[in-house]
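S.K.: Below are the sequence and a predicted model for it; my questions follow.
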Amino acid sequence: MNRQFQRCFASTSTMFLWALFLIALTASYLSFQSFMDSGARYFSSTWGGLHWEEQVRNSAQIHRPNGFSFLVTGAAGFVGSHVSLALKKRGDGVVGFDNFNNYYDPWLKKARKSLLNSHNVFIVEGDVNDAKLMAKLLDIVAFTHVMHLAAQAGVRYAMENPHSYVHSNIGGLVTLLEACKKADPQPAIVWASSSSVYGLNEDVPFSESDRTDRPASLYAATKKSGEAITHTYNHIYGLSITGLRFFTVYGPWGRPDMAYFSFTKSILQGKPIKIYRGKNRVDLARDFTYIDDVVKGCVAALDTAKKSTGSGGKKGGPAQYRIFNLGNTSPVTVPMMVGILEKHLKVKAKKNFVDMPGNGDVPFTHANISLARRELGYKPTTDLQTGLRKFVKWYLTYYGYNHGKSVKL
Ligand SMILES: O=C(O)[C@H]1O[C@H](OP(=O)(O)OP(=O)(O)OC[C@H]2O[C@@H](n3ccc(=O)[nH]c3=O)[C@H](O)[C@@H]2O)[C@H](O)[C@@H](O)[C@H]1O
């Protein structure tokens, strides 16, 4: 009996020792893995570390009384770089954020980055879908506002690469909102929606209260989804949200994928351009809006944004939810836009008129801006002639045009 008990005891303790050994082995494997993970991230990642944190904090420093600290996503983008500069120049703290993807020439994004760096704006390189990075940023700095401009832009490219729109404009937006909802204090959020949400709407000019349930492109559908998603976060978590519906924004440092920009390149190279026409050969028209006007609208939206009411994922009361059109409210047809470019470039375009392909385009856009005028003091002042003159001047300088020859193209 005694021996039996001893044998039984011996085998139980052996099993116990084995179990202990296995637990220790698993624990050390897991901690080794996390060590390797963080080590790998430390060596390969573009973010993290004391120096990086110091750069973020420095960039977020406010240099004016009652100033704000902004996180600007898409800061190396067209609108993002202009807004970041405007905020920094008036003494606010600005931390930029961008993934520098190659949807269009990344060198242009790098050039915008250098410009921002020279004004002491640090740009974090990362993806808004990176929840750890977003949480870390909101932990390091108590941002008063997030200006969310990072997105997959372009109406027609959505047919080529639909998933990139879902990834950035829906997945990225939700990741950002999740981080903001948990932050303490929660920042107020201003973000870029689009005129494309009006889709097949025919009531002109387009008002914020018009129907937006008939998008004509996946791009428009993701922006419309963004409006619904931001409303949910406002409702459940008390995040202060302002959505801005931009109308075909153009100007210096613009996006090469947009018509006015790519037409300029082709005209200068003597290549033909395709000008789309709608049903019955009707010219397409856009409410082209100059970048400086849009920047003023963005800054006014940030300045009038009320604080979010929640903290740490809990709502503290009803929060502000707004949507504004930021347009120019004077549409111009595409052939007229080309005519203005020809005049400024002093070169005739080789024009091919073709039927508008069924690729998500809408025949016209026209903003009613009375709400933005009333609530934000928004008042666009630049007509297309003036705006394109400034764009052409920038284009020729940036691409080093000299007597019709480019050194950079
Ligand atoms: O307001 C918006 O929410 C959107 O504005 C912008 O979209 P759009 O208004 O479509 O601008 P853009 O591509 O410059 O085409 C302008 C016109 O040229 C016509 N167009 C275009 C290309 C071409 O080869 N030929 C042509 O006639 C074309 O049919 C159109 O009539 C942003 O890109 C988008 O990201 C989003 O922000």
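M.R.: Nice, I can see it.
S.K.: Using CSV, write down the CA coordinates of the helix or strand hosting Gln385.
M.R.: Using DSSP states H and E, Gln385 falls within helix 384-398. What follows is helix 384-398, C-alpha atoms only, in CSV (Å, rounded to 0.1, in the frame of the first residue of the first chain):
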residue,chain,number,x,y,z
LEU,A,384,-11.1,79.1,-62.4
GLN,A,385,-9.1,81.6,-64.6
THR,A,386,-7.2,82.9,-61.6
GLY,A,387,-6.8,79.5,-59.9
LEU,A,388,-5.5,77.7,-63.0
ARG,A,389,-3.0,80.6,-63.7
LYS,A,390,-1.5,79.9,-60.2
PHE,A,391,-1.5,76.2,-60.9
VAL,A,392,0.2,76.6,-64.3
LYS,A,393,2.8,78.9,-62.7
TRP,A,394,3.5,76.3,-60.0
TYR,A,395,3.6,73.4,-62.5
LEU,A,396,6.1,75.0,-64.9
THR,A,397,8.4,75.8,-61.9
TYR,A,398,8.0,72.5,-60.2
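S.K.: Against the ligand, how distant is Lys296?
M.R.: 17 Å (CB to the nearest ligand atom, to the nearest Å). All C-beta spots, glycine's among them, are computed from the backbone N, C-alpha and C.
S.K.: ok now do that residue, which residues does it touch?
M.R.: Tyr378, Lys379 (CB atoms under 8 Å, 6 or more residues apart in numbering).
S.K.: Can you say which helix or strand has it in it?
M.R.: In the assignment (DSSP H and E), Lys296 maps to helix 291-304.
S.K.: which is the next helix or strand following that helix?
M.R.: Downstream of helix 291-304, the next assigned helix or strand under DSSP H and E is strand 321-326.
S.K.: Which SSE is immediately downstream of the lowest-mean-pLDDT helix or strand in the chain?
M.R.: Least confident helix or strand, the chain: helix 2-44 with a mean of 56, by mean pLDDT, DSSP states H and E. Later in the chain than helix 2-44, the nearest helix or strand by DSSP H and E is helix 50-60.
S.K.: where does the stretch 301-409 of the chain dip in pLDDT?
M.R.: By pLDDT under 70, the weakly predicted segments of the stretch 301-409 of the chain are 403-409.
S.K.: Going by neighbour count, list what's buried in stretch 355-366.
M.R.: Going by neighbour count (16 or more other CB atoms under 10 Å), the buried part of stretch 355-366 is Met356, Gly360, Val362, Pro363, Phe364, Thr365, His366.
S.K.: Quick one: end-to-end length of that stretch, please.
M.R.: End-to-end distance for stretch 355-366: 21 Å, by CA to CA, to the nearest Å.
S.K.: and it, anywhere near the ligand?
M.R.: Yes: between stretch 355-366 and the ligand, judged by CB under 6 Å from any ligand atom, the touching residues are Asp361.
S.K.: Off-centre distance for that stretch?
M.R.: Averaging C-alpha positions (CA atoms, centre = their mean, to the nearest Å) puts stretch 355-366 23 Å from its chain's average.
S.K.: Check stretch 73-83 too.
M.R.: Distance of stretch 73-83 from its chain centroid, counting by CA atoms, centre = their mean, is 7 Å.
S.K.: Ok, stretch 306-317 next?
M.R.: From the chain centre to the centre of stretch 306-317 is a distance of 23 Å (CA atoms, centre = their mean).
S.K.: and stretch 59-66, average pLDDT?
M.R.: The predicted model assigns stretch 59-66 a mean pLDDT of 98.
S.K.: if we look at it, which residues are touching it?
M.R.: The contact list for stretch 59-66 (CB under 8 Å, 6+ apart) reads 68-69, 90-96, 120-122, 141, 143.
S.K.: what does stretch 112-119 give?
M.R.: The contact list for stretch 112-119 (CB under 8 Å, 6+ apart) reads 75-77, 81, 84-85, 88-89, 96, 98, 100, 123, 253.
S.K.: taking the mean pLDDT, what do you get for that stretch?
M.R.: Averaging pLDDT along stretch 112-119 gives 98.
S.K.: between the contacts of stretch 112-119, which is closest to the ligand?
M.R.: The ligand lies nearest to Gly77 out of the contacts of stretch 112-119, by CB to the nearest ligand atom, at 10.5 Å.
S.K.: Would you state the strands of the stretch 151-300 of the chain in chain order?
M.R.: Along the stretch 151-300 of the chain, the segments classed as strands by DSSP state E, counting those that start in this stretch run 188-194, 241-246, 249-250, 272-277, 285-286, 289-290.
S.K.: interface residues of the stretch 251-400 of the chain facing the ligand?
M.R.: Within reach of the ligand by CB under 6 Å from any ligand atom, the stretch 251-400 of the chain has these residues: Met258, Ala259, Lys274, Ile275, Tyr276, Leu284, Arg286, Val334, Asp361.
S.K.: re earlier: from the contacts of stretch 112-119, list just the buried residues.
M.R.: With neighbours counted by 16+ other CB under 10 Å, the contacts of stretch 112-119 contain buried members at Ala75, Ala76, Gly77, Ser81, Ser84, Leu85, Lys88, Gly96, Asp98, Ile123, Trp253.
S.K.: Can you say which helix or strand has the fourth one in it?
M.R.: If I follow you right, that is Ser81. helix 78-89.
S.K.: and that helix, is it in reach of the ligand?
M.R.: No: Helix 78-89 lies out of reach of the ligand by CB under 6 Å from any ligand atom, never closer than 9.0 Å.
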